[in-house]
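> quick one, fold the following:
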Amino acid sequence: MALEAGPATLRVFNRILLSIIWFGVNAWQGGLVTYVCLRAIWPSIDKIHNTIPASEGMTLPQFVSFIVFYVLMLPFLYLPPQYLKYVVYTTSLAAFVAQLGLVGWACGTAENLSAALKASSPPAPSGQLGWLFLYGISTTMSSITSGTLSICDYTRFAKEPQSGIWSQLVGAVPAWISNVFGLLTIAATSTRYHAAQWSVPTLLVAVQDADKCPRTRAAVFFCAFAFFANQIALNIIGNSFSGGTDMASLLPRWINIRRGQYLTAVLGLATNPWRLLSSAGVFLTVISGYTVFVQPFIGILVGYYFIVYKQRVLIEHLYRVGKDSSIYWYFHGVNWRAIFAWLVGVVPHLPGFLHAVSSTIWVSNGAAHLYQLTSITSSLFAFLTTVLLAYLFPVKSQAEYVQSSDRDTSVLRSAQFADQMYYTPGLEIRKEVSLGSDQDEEKLAGMKIEGEAFKVRLSAEMT
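Numbering: from 1, shown residues only. Model prediction:
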């Protein structure tokens, strides 16, 4: 593909790396809730002699549970994407009910919830509340960076171009509710368990340790099982499918999406995720802050698609190689404007990133605050630079194509590209039509645009 030539491949490798690492991390989290499920059924599982050194950050029962989770998850990787939605719907509903029950129980049984909320965290230092507020927004945005870059993996299955818009608009609401539920649960239970339980598995273990009656064990099991099922769905749609898609795009001759998914699972296991979560604090800081290098891609993509290309993309030319064959080939497949925009989005945030990795590195308050806003500023810097460079150094062939596109029809023609058919936002083609490449004249029938059925005769002039 023309767009995947040269440095553009870096973006794909970035996504593959994140998919592999987070697949392993999320699988380990799934293994922990599996351990809670098994422990609720057989409390004697903790009596198994632990032969694993403490330096590994896990016990033998936890490792066995992790293997159980992995084995149960692997068959779901075989499901085609169109069937994943049923798994996601079911498990998401189950997890929401479990969250609702957990926060309801925690708040309902708290002796003094108001005092617990006030005592759960110290007040922000003077002048820092606003920065902490913005940092919270930036952190939340960074948590969905990978999903933002991978959204096209799923929107391409949509029936209509507008299908993915409403879900993205309302998607922040359940995420916000989930965060509120978590904060309330932690505040309401920190006093009774003498520590803030930031992890659902550790909280459920503490609940069972405090009350080992069958009723409590049953409640712990069903709650953990809901999170167990949801963790499978989240790991597939958030990591394995995206990783498999990216691998297939790089090596389509040898890897398809399904093979890529299983390869992601194997490599995710090889990362030793239990050690990452237990002992590699610096490594996790680096991976969590990796959004510094990934976030600018979003600004570049938005700038090109909406401002530079004006949503007019010559699809066939994305798959052509050579300056004479593709208007997106740039200079030997390298778009220096995008590289420069990426650097503008990354470099200003590097001092703060290095300080987050090692506190011994001194940086100014301004650099530290800028890093706290990475998810906002890195995309913004890259976006503005992309638009500015495209204005100062336009690509003539791209500009001619955009200008020649007729915005009022869904069949776009120009003097240079008379045999192409393109999509115009706001206009909808209800029925797919395939054009023969060997005919001088094609008939497009059965098309419905804005409710009016008609037939269009497209003269495919050979160039």
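> could you use CA atoms for every contact and neighbour count after this?
Noted.
> domain ranges for this protein?
Per automatic domain parsing, the domain ranges recorded for the chain read 8-275, 291-402, 418-463.
> count of residues packed around Gly366?
10 (other CA atoms under 10 Å).
> start the count at 827, not 1, going forward
Right, with 827 as the first residue, what we last looked at is Gly1192.
> quick one: residues contacting Asp872.
Applying CA atoms under 8 Å, 6 or more residues apart in numbering to Asp872 gives the contacts 865, 887.
> what do you get for the one 5 residues further on?
In this structure, Thr877 makes contact with 885-886, judged by CA under 8 Å, 6+ apart.
> wait, Ala1013 sits on Ala1022?
Yes: with contact defined as CA atoms under 8 Å, Ala1013 reaches Ala1022; the gap is 7.3 Å.
> who's more crowded, those two?
Higher neighbour count among Ala1013 and Ala1022: Ala1013, with 26 against 18, using other CA under 10 Å.
> please report how far that one lies from Gln888.
Relative to Gln888, Ala1013 is positioned 27 Å away (CA to CA, to the nearest Å).
> is the residue nearest the centre of the chain part of a helix or strand, or is it coil?
In the chain, the centroid-proximal residue (CA atoms, centre = their mean) is Gly973; its distance is 1.7 Å. Using DSSP: H, G, I helix; E, B strand; the rest coil, the secondary structure recorded for Gly973 is helix.
> wait, isn't it in contact with Phe1067?
No: Gly973 is not in contact with Phe1067 according to CA under 8 Å; the separation is 11.2 Å.
> can you name the residues that contact Ala924?
If you count contacts by CA under 8 Å, 6+ apart, then Ala924 has 1049, 1052-1053 around it.
> in a strand, that's where it is, yeah?
No: note on Ala924: no strand contains this position according to three-state DSSP, which reports helix.
> check what pLDDT it gets.
In this prediction, Ala924 carries a pLDDT score of 93.
> and for the one 4 residues further on?
We note a pLDDT of 92 for Leu928 in this prediction.
> rewinding a little: from Ser1184, how far off is the closest residue to the residue nearest to the centre of the chain other than its chain neighbours?
Closest residue in space to Gly973, ignoring its immediate chain neighbours: Gly1064 at 6.7 Å, by CA to CA, 6 or more residues apart in numbering. The spacing between Gly1064 and Ser1184, counted by CA to CA, is 29 Å.
> repeat for Ser1190
14 Å.
> follow-up on the earlier one: higher neighbour count, Gly1064 and Ser1184?
Comparing Gly1064 with Ser1184 by other CA under 10 Å, the one with more neighbours is Gly1064, at 20 against 12.
> looking at it, the more buried one is touching Thr971, isn't it?
No: look at Gly1064 against Thr971 with CA under 8 Å: they stay out of range, at 11.0 Å.
> separation between the closest residue to Ile1126 other than its chain neighbours and Ile842?
Sequence neighbours aside, Phe1209 is the residue nearest to Ile1126 in space, at 5.2 Å (criterion: CA to CA, 6+ apart). In this view, Phe1209 and Ile842 are 23 Å apart by CA to CA.
> those two: which has the busier surroundings?
Phe1209 (26 against 21).
> what's the helix or strand for the more buried one?
Here Phe1209 is covered by helix 1200-1218, with elements defined by DSSP states H and E.
> just the mean pLDDT for that helix, thanks.
Average pLDDT, helix 1200-1218: 93.
> helices or strands up against it?
Using 3 or more CA pairs under 8 Å, 6 or more residues apart in numbering; DSSP states H and E, the elements in contact with helix 1200-1218 are helix 955-969, helix 1117-1128, helix 1162-1172.
> tell me the angle of it relative to helix 1117-1128?
Note on geometry: by axes from the mean of the first three to the mean of the last three CA atoms, to 10 degrees, helix 1200-1218 and helix 1117-1128 are set 40 degrees apart in direction.
> quick one: buried residues of the next helix or strand after helix 1200-1218?
Once the chain leaves helix 1200-1218, the next helix or strand it forms, by DSSP H and E, is helix 1222-1230. Using 16 or more other CA atoms under 10 Å as the test for burial, helix 1222-1230 gives 1224, 1227-1228.
> using TSV, lay out the residues you listed together with pLDDT and distance to Ile871.
Below are these laid out as TSV (pLDDT from 0 to 100; distance: CA to CA, whole Å):
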residue	pLDDT	distance to Ile871
Gln1224	88	65
Tyr1227	88	67
Val1228	86	65
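> tabulate these in JSON lines, adding columns for distance to Tyr909.
Below are the buried residues of helix 1222-1230 laid out as JSON lines (distance: CA to CA, whole Å):
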{"residue": "Gln1224", "distance to Tyr909": "39"}
{"residue": "Tyr1227", "distance to Tyr909": "39"}
{"residue": "Val1228", "distance to Tyr909": "38"}
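> so the residue nearest to Ile1126 sits against Phe1166, correct?
No: the criterion here is CA under 8 Å, and Phe1209 misses it with Phe1166 at 11.2 Å.
> against Thr916, how distant is the residue nearest to Tyr904 when sequence neighbours are not counted?
Leaving aside its sequence neighbours, Tyr904 sits nearest to Arg1084 (CA to CA, 6+ apart; 6.5 Å). According to CA to CA, Arg1084 and Thr916 sit 22 Å apart.
> thanks again, I'm all set now.
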